[in-house]
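**Student:** Requesting a structural model of the entry that follows:
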Amino acid sequence: MTTLEHGCCFHINFKNMRKFPKIITRVLFLGLVCVPVSGFAEKNTNLPQNPNVVSGSANFNKDGNKLTINQNSDKLITNWSSFNIGKENKVEFKQPNITSTALNRVNSNDPTHIYGSLKSNGKIILINPNGVLFKDGARVDVGSIIASTLNLKDKDFINDKYVFEKNGFSGVVNNQGDIKALEGGTIAIIAPQVENKGEIETTNGTVALISGEKVKLSLNGNSLIQYSIERGVLNALIDNKQALKVDDGTIILSAKGVKEVKNAVIKNSGSLRADGITKKGGKIYLSASNGKVLNSGVIAANSQQNQGGSIRVTAENIQIDENSKISTVGKKSGGLIEIGGSWQNSNKEVFQATKTTIAEGTILDASAFDMGDGGEIVVWSDIHNSNSKTTVKGTLKAEGGKIKGNGGRIETSGRALDIDEITISTKSTDGVDGQWLIDPYNITISSGSDTNISGSFSASDNDAVINVGTLETALSSSNVTVTTAGGGFQSGDITVDAAITSSSSNDLTLDADRHIYINQNITRSGSGGLILEPDSNNVYGSGTINLAAGSSISTSTGTTVSPNINLSSSGDVEFTGNGTYSGSISGSGNLNKTGSGTVILSGSNSYTGSTKVDAGTLRVSSTNSVPSNHTLISNGGTYDVNSNVELAGLSGSGGISIQSGTLTLNNSSNQSFSGIISGSGGFTKNGSGSFTLLNNNTHTGTTTISAGELIVKGTLSDNTNVSIASGSTYTLDNDDTVGSLSGAGTIVVPSGMTLTTNATSNSTFSGNLSGDGAL
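**Tutor:** This next block holds a predicted model:
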């Protein structure tokens, strides 16, 4: 042991110590390692304190505000009482080579605070279960570094097994400084919660932020080959607010929560860049399989020289927020962007999202910018999961190169799919336009002059004309939007003066700056939709809108559609959006209200199919607005009655609101309804069949039983007056309170049940009381 003028130095070599007797070895070990060395043992938070070498060989040299660790063995394990680096202080590891590794474990109740400089030419592993904080102004320049609050066993480390596992408390790793690794190096931060507000950078290597309770890394020298989160953690979090940059390399953000809780969260509001500088773009992975990914920043794996890279985002719930930009643009060809799944779920190793949302203002770009084909974009949620939904309202581009190249391909798929405001481009300047796939249908964008038929027209001196044949051809391969704008010498109307016929599955949107005139028939005989969006809220014309089963019609809020509608075939036709239909609706199809908006029927309608309400509100404003004795299937949302309405059947679990008038059920067969009837209007049970109310109903109007049997398994409102006509039956299957009872029918109150009245005025019931219950 040699004491230096400006510090101290000592050396331990376990190999040579084998030559000494055990008792001498113990004395040496205690004397050199455990006993404080002059100048080093002071309580000093500016430099690491009290090193205890567990395995390997090293010299420790403190010189003023700098501590130098001269590592003599390929692997070194050192336990420290603290490992802090104050501002203007420096710690440097001088290691035999770039693959040499120093494991530093902190045995303290306090987290590690690094304000100053940490350097090495090899690999550093820093473990402190109470947290590792790289503060603002910290500078880390290493061959590679792994910072973690999970423990790594000495035996595993010595045997090249990098298994990091929670052992008691595990804190946060937070970076606010600058961390850099040498070319080909790895920067891995592993903890239950990982936060980055600084700059993390390497070249041709890997940056990995990993959240879990047990994490396994496979390393080849300084290169991270693969990883696995073998056990998730409660409140798993990765939050990047600044910058991760790995030119020609790989970025990994991976979090795994507790399976039952599904609470892993990955947030990126900063930038993740794995651009290709000398070769094709790098790879970026964001994975929170049983949690959520929230992105409002930049994710880029572009290449100025070659092909764009690849970006994969997987989680149960993926939210790509407004103004996010995700790109794999390449000089020679576009790259790959996978959000929520792979193309048609062809790669079973890619976790499928349940909910994927691409917000308005977001840009996903996998284009080629020079000579080459566009790349591939997938926005997906599990189409076999009934809860899945994919919402895409941003801009997706997979364009061919400007000099030469074909367009790429884009898929937007989900069990429920909302692409109402999407912007798609797979165009090619000198080649073939690409493909837009909406599962489960294949849609090919046509090439040539017809590709721009969905352009936006500014009203001018003469009408802009779109050939109807061109329009129909385009509908066979893509969604088409015809848009007008004001500001010219005309009003920005859209006028349909030639019949449009399409059997495709694609949507036709008419988006006018003022009115829409439908003077000729529009026929959708396939499963495609018709979307009407006049800024004036008026759709006029003498043409008929023919909608086959499987098709749909939607309007913007406040729109009134006056042309007649024909539900031309048996099956469901969806009505969605927020609009009023004042024309006549006829035909044999079913009217199915879907979506969260309100659809109002105000015309005189005669369709013979059922009326369905799956979501939102369907409002009936007059007696003739729905056919007499039609069947109502209310699966969700609200059926809003504002007049006298008669039904032949009623079923489902949705809501019925009787605002005024009376809803009469003329059922001849036994039926039940598990939804809730509310409002102040009346409800009449007619027809010979029985009708069972399964829920707790709140409507305050009169409940009339004119025929058949009304069975109440739930309850009626405490204020509803119940009238039971002679020959009809009111049967309780639950304790209930009503306003009053009248009539000459039969009331059945089973044993153990009680029917109570809240009558405030006289009422007379002259019928039969059956059962052993109480009245």
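
**Student:** Please make it C-alpha for all contacts and neighbour counts, starting now.
**Tutor:** Noted.

**Student:** if I pick residue 384, what's in contact with it?
**Tutor:** residue 415 (Cα atoms under 8 Å, 6 or more residues apart in numbering).

**Student:** For this protein, give me the ranges with low pLDDT.
**Tutor:** 1-44, 260-261, 416-417, 419-420, 432-471, 473-490 (pLDDT under 70).

**Student:** can you give me the helices in it?
**Tutor:** For the chain, the helices defined by DSSP state H occupy 14-17, 22-29, 154-158, 468-475.

**Student:** beta partners of residue 686?
**Tutor:** Note on residue 686: beta-bridge partners by DSSP bridges are residue 666.

**Student:** Test my guess that it contacts residue 664.
**Tutor:** Yes: checked against Cα atoms under 8 Å, the pair residue 686 and residue 664 is within contact range at 6.7 Å.

**Student:** From residue 379, how far off is residue 364?
**Tutor:** Distance from residue 364 to residue 379, counting by Cα to Cα, to the nearest Å: 10 Å.

**Student:** Kindly report the same for residue 510.
**Tutor:** Distance from residue 510 to residue 379, counting by Cα to Cα: 26 Å.

**Student:** same deal with residue 64?
**Tutor:** Residue 64 is 56 Å from residue 379, by Cα to Cα.

**Student:** Please apply the same query to residue 591.
**Tutor:** Residue 591 is 31 Å from residue 379, by Cα to Cα.

**Student:** Any chance of the backbone angles for the nearest residue to residue 166 once chain neighbours are set aside?
**Tutor:** Excluding the flanking residues, the one nearest residue 166 by Cα to Cα, 6 or more residues apart in numbering is residue 150, at 4.7 Å. Main-chain dihedrals, residue 150, degrees, to the nearest 10: phi -100, psi 150.

**Student:** Would you mind confirming that residue 708 makes contact with residue 726?
**Tutor:** No: between residue 708 and residue 726 there is no contact under Cα under 8 Å: 10.1 Å.

**Student:** Compare the two (neighbour count), which wins?
**Tutor:** Neighbour count, other Cα atoms under 10 Å: between residue 708 and residue 726, residue 708 has more, with 23 against 16.

**Student:** Who are the contact partners of the more buried one?
**Tutor:** Residues in contact with residue 708, defined by Cα under 8 Å, 6+ apart, are 685, 686, 687, 688, 689, 690, 727, 728, 729.

**Student:** and the second one, how many residues sit next to it?
**Tutor:** The one in question is residue 686. With other Cα under 10 Å as criterion, residue 686 counts 24.

**Student:** just the first one next, same as before
**Tutor:** For residue 685, the neighbour count with other Cα under 10 Å is 24.

**Student:** Verify the stated contact: it with residue 662.
**Tutor:** No: using Cα under 8 Å, residue 685 is not in contact with residue 662; the gap is 10.5 Å.

**Student:** quick one: residue 144 and residue 413, what's the gap?
**Tutor:** 40 Å.

**Student:** So those two - more neighbours on which side?
**Tutor:** Higher neighbour count among residue 144 and residue 413: residue 144, with 34 against 31, using other Cα under 10 Å.

**Student:** nearest spatial neighbour of that one, skipping sequence neighbours?
**Tutor:** That would be residue 123: by Cα to Cα, 6+ apart, it lies 4.4 Å from residue 144.

**Student:** Hmm, residue 605 is touching residue 586, no?
**Tutor:** Yes: using Cα under 8 Å, residue 605 makes contact with residue 586 at a distance of 6.1 Å.

**Student:** Which one of those two is surrounded by more residues?
**Tutor:** residue 605 (22 against 19).

**Student:** which residues does the more buried one contact?
**Tutor:** 583, 584, 585, 586, 624, 625, 626, 627.

**Student:** what's the closest of those residues to residue 250?
**Tutor:** residue 585 (58.1 Å; Cα to Cα).

**Student:** so how far is residue 491 from the closest one?
**Tutor:** 29 Å.

**Student:** now do residue 617
**Tutor:** From residue 617 to residue 491 the distance is 33 Å (Cα to Cα).

**Student:** quick one: which of those two has more around it?
**Tutor:** Of the pair residue 617 and residue 491, residue 617 is the one with more neighbours under other Cα under 10 Å, namely 26 against 17.

**Student:** how near is the residue nearest to residue 144 to residue 71?
**Tutor:** For residue 123, the distance to residue 71 - Cα to Cα - is 11 Å.

**Student:** what touches both of these two?
**Tutor:** Common neighbours of residue 123 and residue 71 (Cα under 8 Å, 6+ apart) are residue 102.

**Student:** out of those two, which sits in the more crowded spot?
**Tutor:** Higher neighbour count among residue 123 and residue 71: residue 123, with 29 against 22, using other Cα under 10 Å.

**Student:** what residues are up against that one?
**Tutor:** Contacts of residue 123 by Cα under 8 Å, 6+ apart are 98, 99, 100, 101, 102, 142, 143, 144, 145, 146, 222.

**Student:** which residue packs closest to residue 402, ignoring adjacent ones?
**Tutor:** residue 370 (5.3 Å).

**Student:** mind listing what residue 369 touches?
**Tutor:** If a contact means Cα under 8 Å, 6+ apart, then residue 369 has 329, 330, 331, 332, 333, 400, 401, 402 as its contacts.

**Student:** from those, which ones fall inside strands?
**Tutor:** If you go by DSSP state E, the contacts of residue 369 have nothing in strands.

**Student:** Could you give the bridge partners of the residue nearest to residue 144?
**Tutor:** Applying DSSP bridges, one finds that residue 123 bridges with residue 101, residue 144.

**Student:** Kindly report the same for residue 413.
**Tutor:** With DSSP bridges as the rule, residue 413 is bridged to residue 380.

**Student:** Please report how far it lies from residue 504.
**Tutor:** Noted for residue 413: a distance of 17 Å to residue 504, by Cα to Cα.

**Student:** Ok, residue 727 next?
**Tutor:** Distance from residue 727 to residue 504, by Cα to Cα: 54 Å.

**Student:** before we move on, what about residue 262?
**Tutor:** From residue 262 to residue 504 the distance is 40 Å (Cα to Cα).

**Student:** What of residue 596?
**Tutor:** With Cα to Cα as the criterion, residue 596 and residue 504 are 25 Å apart.

**Student:** Of these two, give the one with the bigger neighbour count.
**Tutor:** Ranked by neighbour count (other Cα under 10 Å), residue 596 and residue 504 place residue 504 first, with 23 against 14.
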